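> pasted the sequence and its predicted model underneath.
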Amino acid sequence: MKILLTNKTQYRDDDLRTIMHAACKAAGVALKFLKLTVVSSRLGAVSGYAYFPRGPRGFTTTLSARLRVPTPDHLKPDSVTRIAQVALHEAMHLAGARHKNMTEEQYYCRMPVPWATEMQLRIKEAPVAVPREERMAAARGDRLEHAQKMLAKAQTRLKRAVTIEKKWKRRVGTLSR
């Protein structure tokens, strides 16, 4: 399954994809494509929603889900387990389950998730700052490459123009006789 992730949090994309992929596998979701949006929760709560598949007319192969996860300063020791439980609940919706079909444990996201014990939620590393001289050199290199391509095009146009001029001079000479 391919997960198109829109990550608006400070957590690493691969950790979030791993949690959702495991939840979908546990729920038995057989999707080819999932649009997942992960945002930060201001109060530290974990929640989410997902659209369950509709009937034959309204069924779409691209399903979407959204998870709200706590910010790093609100992260608790059991937060990864809680996120996995909510992800499993939303994956059950993706599989077609409605709230009325769920047990109380599933409905309130309290089901056991033993597969989540080894998972972690790491913060993204800050991007490495490239020194200004290197950025400027790279930009000059790009501009030089572009200028060389444009010069080659101009020389080609010039050759064509000279060839056309010769052709018409011959034509005028032939018709002048």
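Great, that's in hand. All figures in this text were calculated on a predicted structure; none of them were measured in a lab. Numbering: from 1, shown residues only.
> average pLDDT across stretch 127-141?
The average of the pLDDT scores along stretch 127-141 is 86.
> now swap in stretch 81-91 and tell me
On average, stretch 81-91 scores 94.
> do the same with stretch 28-36
83.
> enumerate the positions of that stretch that are buried.
By neighbour count on 16 or more other Cβ atoms under 10 Å, the buried set for stretch 28-36 is Val29, Leu31, Leu34, Leu36. The C-beta positions use only the backbone N, C-alpha and C, and glycine is treated the same way.
> switch the residues you listed over to TSV; also include secondary structure and distance to Val69.
Listed next are the buried residues of stretch 28-36 as TSV, based on DSSP: H, G, I helix; E, B strand; the rest coil; distance: Cβ to Cβ, whole Å:
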residue	secondary structure	distance to Val69
Val29	coil	20
Leu31	coil	21
Leu34	strand	17
Leu36	strand	12
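> and those as CSV, adding distance to Arg160?
Formatted as CSV, these follow (distance: Cβ to Cβ, whole Å):
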residue, distance to Arg160
Val29, 59
Leu31, 54
Leu34, 52
Leu36, 53
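> nearest to Gly173, of the residues you listed?
Using Cβ to Cβ, Leu34 comes nearest to Gly173 of the buried residues of stretch 28-36, at 72.1 Å.
> where does this structure have its least confident helix or strand?
Lowest mean confidence among the helices and strands of the chain (mean pLDDT, DSSP states H and E): strand 62-70, at a mean of 88.
> what pairs with that strand, parallel or antiparallel?
Within its sheet, and counting by DSSP bridges, strand 62-70 is paired with strand 33-41 (parallel), strand 47-50 (antiparallel).
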